[in-house]
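Asker: Fold the stuff below for me.
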Amino acid sequence: MNNKVVLFHPPYDGPPLGPPLSLLSLASPLLEAGFQVSIVDAAIDPEYKSSLTHEISDALFLGISLLTGRMIRSAVDVSRFVRKIHPRRPIIYGGWHPTLLPAQTLGEDSVDAVVRGQGELTLREAAERLRSGSSFESVNGVSFKPHGEVIHNAERRVENVERLPTPAFAMADFDAYEKRTGFRVLPYASSVGCPYACHYCTDQVFYNRRFNAYSAGRVVREVTDLVARYRVDEVALLDSNFPVNVKRAV
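Answerer: Down below sits the predicted model:
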């Protein structure tokens, strides 16, 4: 039984903020489900194609998380590279851009499926389907093209983040990021979503204008522990709107 999943963060302009929180968040439920997870982050691995060649050889699939912008070009380049060396290896995209434009994303020949929206539980279920030799049919939150025609499965209900496992920070090589940037930064999201309706913001699409947060006690416990454990210099709060609940924020 193949249990290995490879997650890739494409290169982008500028230095990394720290380990990719998106991939660490996806990795945690996969690890709980018994999968072996390998993360390749182009921000700290200039030989990322060589690393992917090694890692993907015995993997169940490749997962790529990306934003709108130049990162798309990098992601497609890597997808085509992997497709050329392993034609039958499924490639799954997720993140902001694939969620906003799943049909357009699946128009790329090297992309087999898109995980839309909050991806932790969707990707785990998709991985379990692949492990058992099943299809993505009826996996809520997945768009795919089994015979060339795009199918959008039903939306997945947004999960209360308090019920999701802590991102797999133990997988992050903080030394490598410090060497690259000079700082030890912990990217941390204590909440997702926002109740407001700013026209420029994609949170409305992802989280339906709902503020979805960890309890204040959990944040204090986790951040205090992570700062001490990984000798962190700075915590980057990646919340969309941290002070929505002022009492909690204080």
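Asker: give me the element V40 is part of.
Answerer: Assigned by DSSP states H and E, V40 belongs to strand 36-41.
Asker: Can you point out the buried residues in that strand?
Answerer: Residues of strand 36-41 classed as buried by neighbour count (16 or more other Cβ atoms under 10 Å): 37-41. No exception for glycine: its C-beta is placed from N, CA and C like everyone else's.
Asker: Please name every helix or strand in contact with it.
Answerer: strand 4-9, helix 21-32, helix 48-56 (3 or more Cβ pairs under 8 Å, 6 or more residues apart in numbering; DSSP states H and E).
Asker: orientation of it relative to strand 4-9 in degrees?
Answerer: Counting by axes from the mean of the first three to the mean of the last three Cα atoms, to 10 degrees, strand 36-41 lies at 20 degrees to strand 4-9.
Asker: outside of strand 36-41, which residues touch it?
Answerer: Where contact means Cβ atoms under 8 Å, 6 or more residues apart in numbering, the residues beyond strand 36-41 that reach it are 3-9, 16, 19-20, 23-24, 27, 30-31, 48, 51-52, 55, 59, 168, 171.
Asker: hang on, the earlier thing: which of the helices and strands packed on strand 36-41 sits closest to H199?
Answerer: Among the helices and strands packed on strand 36-41, the nearest to H199 by Cβ to Cβ is helix 21-32 (24.2 Å).
Asker: Could I get the average pLDDT for the host helix or strand of P98?
Answerer: For P98, the host element (DSSP H and E) is helix 96-100. Mean pLDDT, helix 96-100: 94.
Asker: who touches the residue lying closest to F183 once chain neighbours are set aside in this structure?
Answerer: Nearest in space to F183, with sequence neighbours left out and distances taken as Cβ to Cβ, 6 or more residues apart in numbering, is D233 at 5.2 Å. D233 makes contacts with 183-185, as judged by Cβ under 8 Å, 6+ apart.
Asker: between these, which has the most around it?
Answerer: Using other Cβ atoms under 10 Å as the neighbour test, these are led by V185, with 19 neighbours.
Asker: Please tell me how far it sits from Y177.
Answerer: Separation of V185 from Y177 (Cβ to Cβ, to the nearest Å): 7 Å.
Asker: from the contacts of D233, which is closest to L121?
Answerer: Nearest to L121 among the contacts of D233: V185, at 27.2 Å, using Cβ to Cβ.
Asker: Give me the pLDDT for that closest one.
Answerer: Each residue has a pLDDT score; the one for V185 is 96.
Asker: my read: it touches P15, true?
Answerer: No. Between V185 and P15 there is no contact under Cβ atoms under 8 Å: 10.0 Å.
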